[in-house]
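In: sequence and predicted structure are below.
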Amino acid sequence: MYKRILVATDGSKLSQRAVEHTLNLADLTGADVVALKVVPRYPQTYFEGGVALAAAEVARVEKQWQEEAMVAVNAVKSAGQLREVKVKPVTVKSDLIAEAIIATAKRNKCDLIVMASHGRRGLKRLLLGSETQQVLTHSHTPVLVLR
């Protein structure tokens, strides 16, 4: 059925549910898993929501985010090893999260993307946006959304 499943994670409790579902599905189907965490770049300007920092400090913050991302995807790999599911941990640096998820799925020839969603509606969804909605809208790969 599935040969390679991408699971997008940020290490949160909500995304952990998506990870558990993905590992169970991979175990049932014999699929490999690509565990992805997208790491944003530090906002450089006030208009991007950032505070002006020295270049060295920005590099330190981005390095810390990268290390935290590796912890998140390596946790998926460890959980997969317990179930004898092959997991490839991947981090991607991008401000365009949905596009990074879609591109990573395509690059790794995934046949399913699994994501969690807060299930926001109305004004909250409009104001906060939805990376999951963007992936659903633009991906040619099937997407499984968990709430």
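Out: That came in fine, so what should we check first?

In: rest of the way, CA atoms for contacts and neighbours
Out: Noted.

In: can you confirm Ala35 is in a helix?
Out: No: counting by DSSP: H, G, I helix; E, B strand; the rest coil, Ala35 is not part of a helix but strand.

In: show me what the longest helix along the chain is packed up against.
Out: Of all segments of type helix in the chain, defined using DSSP state H, the longest is helix 55-82. With contacts defined as 3 or more C-alpha pairs under 8 Å, 6 or more residues apart in numbering; DSSP states H and E, the packing partners of helix 55-82 are strand 32-39, strand 87-93.

In: which of the residues in that helix are buried?
Out: Within helix 55-82, the residues that count as buried by 16 or more other C-alpha atoms under 10 Å are 58, 62, 65-66, 68-77, 79-80.

In: what does stretch 98-115 give?
Out: Neighbour-count burial for stretch 98-115 flags 98-102, 104-105, 110-115 (criterion: 16+ other C-alpha under 10 Å).

In: I'd like the average pLDDT over stretch 76-94.
Out: In this model, stretch 76-94 has a mean pLDDT of 97.
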